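Peer 1: Here's a sequence, model it:
(one chain, ligands or ions: 1)
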Amino acid sequence: MNQAFGDTIEPRLLQACDEALRLGRASRLSHAFHPKPLPLFARAEPAAERIHQMIEVHALRNDSVRQCILQIRDMSEILRRENTLRQQARQLAEELTLVQQMQDIAARQSLRFEEMARLAPVGLFETDLQGQLTYCNERGLAMLGLEAIHGQGDLWTRNLSPAIAEHLRQRWQSSVHTSDRLHEEFQLLNAAGQHRWLQWEAGVIHDAKGQAIGFICTLIDVTELQHRAQHHEHRANHDPLTGLPNRARFEQRLHAALAGAERLGQPLAVVYLDLDGFKLINDQHGHAAGDVVLQTVAARMQQQLRGDDMVARLGGDEFALFLAETPAEHDLNRVLHKLEKALCKPIRVQTDTGAHQVQVGCSMGRAIYPQHGTALSELLNFADKAMYEEKTSRRHRSSVKHIASELLPAPYISTMS
Ligand SMILES: Nc1nc2c(ncn2[C@@H]2O[C@H](COP(=O)(O)OP(=O)(O)OP(=O)(O)O)[C@@H](O)[C@H]2O)c(=O)[nH]1
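Peer 2: Numbering: from 1, shown residues only. This next block holds a predicted model:
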């Protein structure tokens, strides 16, 4: 062996040859490594590259000569390919792991979204550009009065009034180009027959190429907020005792009515009204009885006026009203006379001492647009002054009546009183 291959022969190869000759069986040194290649595979210097070899040793069946045949194959290329395949397999496995991880993340995100959408106190839904539902959480379905998404043609506005649905459709269609965020509040009659106020917000969604494909929308039930806002608005503009509009609301409405009268070239009557003898009721029967009188008087005035007219409590026992379609002088006198007659009817009040009938009178002053002024303040001042003049002349008349009654004989006094 040494003769054939020199000193550098691999000891395992020697052992394999020895075994093959002694035991008469073939053996294989797979992937054997020979630091200096066998002569058959001599390589040009420097032989830096390691050569992987497969050596098969076969003993020859010959009794006289001890010989064996060595079959040597260069495995380098096969190993290189195996390595490449192994590397590719490893890479594939890594990629598969990555895909798996991404699938896990996506599944977790989807679950997270489903759970959040289920628990969210708002309605969440997605539509295409036509407003057809592509997703809606349970709360959203309930708010919109829908049971489920049925597919094509399932508009989210299905249960809205046609006018509101059309208004919203125009809003979202115009936002496709501007990408504006939409915000609207509207009313919807729900399955239980209740009117609910819903606040809708929507934003355009785009595909990977930047093409608008639909909308992501949220719905919040703002009914309670609306009611509270209406309540605050009412409190800010109305008198809590009588429920009549207050001075601020009166002036606001009068301002609009004057603009209307100017546009149509029509007259408009503003009337100031102050109760007579009210303090006496307060003093004799108490504040609570006075309150009942104010409430009764307010209700009677409202009954006498038409829908477009307005009566307001300015404070204390002072009221103001305007008549939207002011009649001619004669008819106006008739309307105001009717009003006075209604106010002066007896009012029943209940006090600690029992039930009593009380009565108030009233003094009125009027101002007609444009005859007595065109500006709101001008008309109010005119009517106020006219009312005080009326009150003063009434006081004067009643004091004259009082003096006259003192001069008359006793039976006549009782008849007059
Ligand atoms: N009960 C009650 N009284 C009120 C209220 N606001 C003001 N008053 C009282 O209403 C009275 C108004 O006084 P006056 O204007 O002199 O009443 P009057 O007796 O009709 O006299 P003249 O208006 O001058 O004819 C005062 O005593 C106020 O204290 C209220 O909300 N409830």
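Peer 1: When you work out contacts or count neighbours from here on, use the C-alpha atoms and nothing else.
Peer 2: Fine.
Peer 1: Skipping its backbone neighbours, what lies nearest residue 190 in space?
Peer 2: The shortest distance from residue 190 to any residue that is not its chain neighbour, by C-alpha to C-alpha, 6 or more residues apart in numbering, is 5.8 Å, and that residue is residue 145.
Peer 1: How about residue 301?
Peer 2: Setting aside the residues directly before and after it, residue 301 is nearest to residue 339 in space (C-alpha to C-alpha, 6+ apart), at 6.5 Å.
Peer 1: Test my guess that residue 58 contacts residue 29.
Peer 2: No. In this structure, residue 58 is not within contact of residue 29 by C-alpha atoms under 8 Å, at 11.5 Å.
Peer 1: Looking at the two now, which is surrounded by more residues?
Peer 2: Using other C-alpha atoms under 10 Å as the criterion, residue 58 and residue 29 rank with residue 58 on top: 21 against 15.
Peer 1: still on that earlier bit, how many neighbouring residues does the residue nearest to residue 301 have?
Peer 2: A count of neighbours around residue 339, defined by other C-alpha under 10 Å, yields 19.
Peer 1: Show the pLDDT at it.
Peer 2: If you check residue 339, the pLDDT there is 94.
Peer 1: Can you dump the C-alpha atoms of the one helix or strand it maps to in PDB for me?
Peer 2: With secondary structure defined by DSSP states H and E, residue 339 is part of helix 329-343. Coordinates of the C-alpha atoms in helix 329-343 are reproduced here as PDB (Å, rounded to 0.1, in the frame of the first residue of the first chain):
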ATOM      1  CA  GLU A 329    -105.900  98.400  13.100                       C
ATOM      2  CA  HIS A 330    -109.500  97.400  13.800                       C
ATOM      3  CA  ASP A 331    -108.800  93.700  13.800                       C
ATOM      4  CA  LEU A 332    -105.700  94.200  15.900                       C
ATOM      5  CA  ASN A 333    -107.800  95.900  18.500                       C
ATOM      6  CA  ARG A 334    -110.200  93.000  18.500                       C
ATOM      7  CA  VAL A 335    -107.400  90.500  19.000                       C
ATOM      8  CA  LEU A 336    -105.900  92.400  21.900                       C
ATOM      9  CA  HIS A 337    -109.300  92.900  23.500                       C
ATOM     10  CA  LYS A 338    -109.900  89.200  23.300                       C
ATOM     11  CA  LEU A 339    -106.600  88.600  24.900                       C
ATOM     12  CA  GLU A 340    -107.300  91.000  27.700                       C
ATOM     13  CA  LYS A 341    -110.700  89.500  28.300                       C
ATOM     14  CA  ALA A 342    -109.100  86.000  28.600                       C
ATOM     15  CA  LEU A 343    -106.400  87.200  31.000                       C
END
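Peer 1: what comes into contact with that helix?
Peer 2: For helix 329-343, contacts defined as C-alpha atoms under 8 Å, 6 or more residues apart in numbering pick out 297, 300, 301, 304, 326, 360, 361, 362.
Peer 1: Specify the local secondary structure of the residue nearest to residue 26 when sequence neighbours are not counted.
Peer 2: With C-alpha to C-alpha, 6+ apart as the criterion, residue 26 has its nearest non-adjacent residue at 4.4 Å, and that residue is residue 58. Secondary structure for residue 58, judged by DSSP: H, G, I helix; E, B strand; the rest coil, is strand.
Peer 1: and residue 58, bridged to which residues?
Peer 2: In this structure, residue 58 bridges to residue 69 when assessed by DSSP bridges.
Peer 1: just residue 272 next, same as before
Peer 2: According to DSSP bridges, residue 320, residue 365 are recorded as the beta-bridge partners of residue 272.
Peer 1: Quick check: it touching residue 368?
Peer 2: No. The pair formed by residue 272 and residue 368 falls short of the contact definition of C-alpha under 8 Å, at 11.7 Å.
Peer 1: ok, the residue nearest to residue 26 - contacts?
Peer 2: When contacts are counted by C-alpha under 8 Å, 6+ apart, residue 58 touches 17, 20, 25, 26, 27, 68, 69, 70.
Peer 1: Adding pLDDT as columns, could you present these in a markdown table?
Peer 2: Converted to a markdown table, the contacts of residue 58 look like this (pLDDT from 0 to 100):
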| residue | pLDDT |
| --- | --- |
| 17 | 82 |
| 20 | 83 |
| 25 | 79 |
| 26 | 83 |
| 27 | 82 |
| 68 | 82 |
| 69 | 86 |
| 70 | 83 |
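Peer 1: so which pair among the residues you listed is furthest apart in space?
Peer 2: Spatial extent of the contacts of residue 58 (C-alpha to C-alpha) is set by the pair 25 and 70 at 12.6 Å.
Peer 1: Grab the nearest non-local neighbour of residue 221.
Peer 2: Skipping the residues right next to it in sequence, residue 221 comes nearest to residue 198 by C-alpha to C-alpha, 6+ apart, at 4.7 Å.
Peer 1: In the host helix or strand of the one you found, which residues are buried?
Peer 2: Assigned by DSSP H and E, residue 198 belongs to strand 195-206. Of the residues in strand 195-206, those scored as buried under the neighbour-count criterion (16 or more other C-alpha atoms under 10 Å) are 196, 197, 198, 199, 200, 201, 202, 203, 204, 205.
Peer 1: Most widely separated two among the residues you listed?
Peer 2: With distance counted by C-alpha to C-alpha, no two of those lie farther apart than 196 and 205, which are 27.6 Å apart.
Peer 1: Which parts of the stretch 201-350 of the chain are strands?
Peer 2: Read by DSSP state E, counting those that start in this stretch, the stretch 201-350 of the chain holds these strands, from start to end of the chain: 212-221, 268-276, 310-315, 318-323, 347-351.
Peer 1: So for the ligand, which of these sits nearest?
Peer 2: Closest approach to the ligand among these is made by strand 268-276 (3.6 Å; C-alpha to the nearest ligand atom).
Peer 1: Which neighbouring elements make contact with that closest one?
Peer 2: Using 3 or more C-alpha pairs under 8 Å, 6 or more residues apart in numbering; DSSP states H and E as the contact criterion, the elements in contact with strand 268-276 are strand 318-323, strand 361-369, helix 376-407.
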